[in-house]
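S.K.: give me a 3D structure for the following:
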Amino acid sequence: MPAKEEATNVKSYFSEKRINEIVKSIRKRVAEHRRLQEEGILPMYKRIPITVMEIKYVMIVINRKRGTASAIMKEIRAALGKKPRQKVSVTEFCNHTGIPLDDVRQALNLLT
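M.R.: Next up, the predicted model:
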């Protein structure tokens, strides 16, 4: 039981206002991508789901430059006790930043 309580009390990297802005941006970009697919401008294809976050994916999700994405990944690794080159999963990224997992997965599957 205590492990679940610890997981829910984790302070997210972003403020609630910033999380809402990021989610709104993700949903807007995903909707535009789907619209272009329906019009036949972009191809429709199935992809292998992305399970590991990389800096380039963080840049897409939060819509920021490489330096900001690197700083976020560095902080996540430090908080999780990982070494600089260790992988960070999508779930760990979402738990740390507070961004909903479904929105991040949609962005990774459509926008990458």
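
S.K.: so who does Lys87 touch?
M.R.: By Cβ atoms under 8 Å, 6 or more residues apart in numbering, the contact set of Lys87 is 52-53. (Each C-beta comes from the backbone N, C-alpha and C, glycine too.)

S.K.: ranges for the helices of the chain?
M.R.: Shown for the chain, the helices assigned by DSSP state H span residues 2-8, 16-38, 55-62, 66-80, 90-97, 101-111.

S.K.: minimum distance to Lys46: which of the ones you listed has it?
M.R.: Among those, the nearest to Lys46 by Cβ to Cβ is helix 101-111 (9.1 Å).

S.K.: how far does that closest one sit from its chain's centre?
M.R.: Relative to its chain's centre, helix 101-111 lies at 7 Å (Cα atoms, centre = their mean, to the nearest Å).

S.K.: dump the residue contacts of Ile22.
M.R.: Contacts of Ile22 (Cβ under 8 Å, 6+ apart): 14, 61-63, 99.
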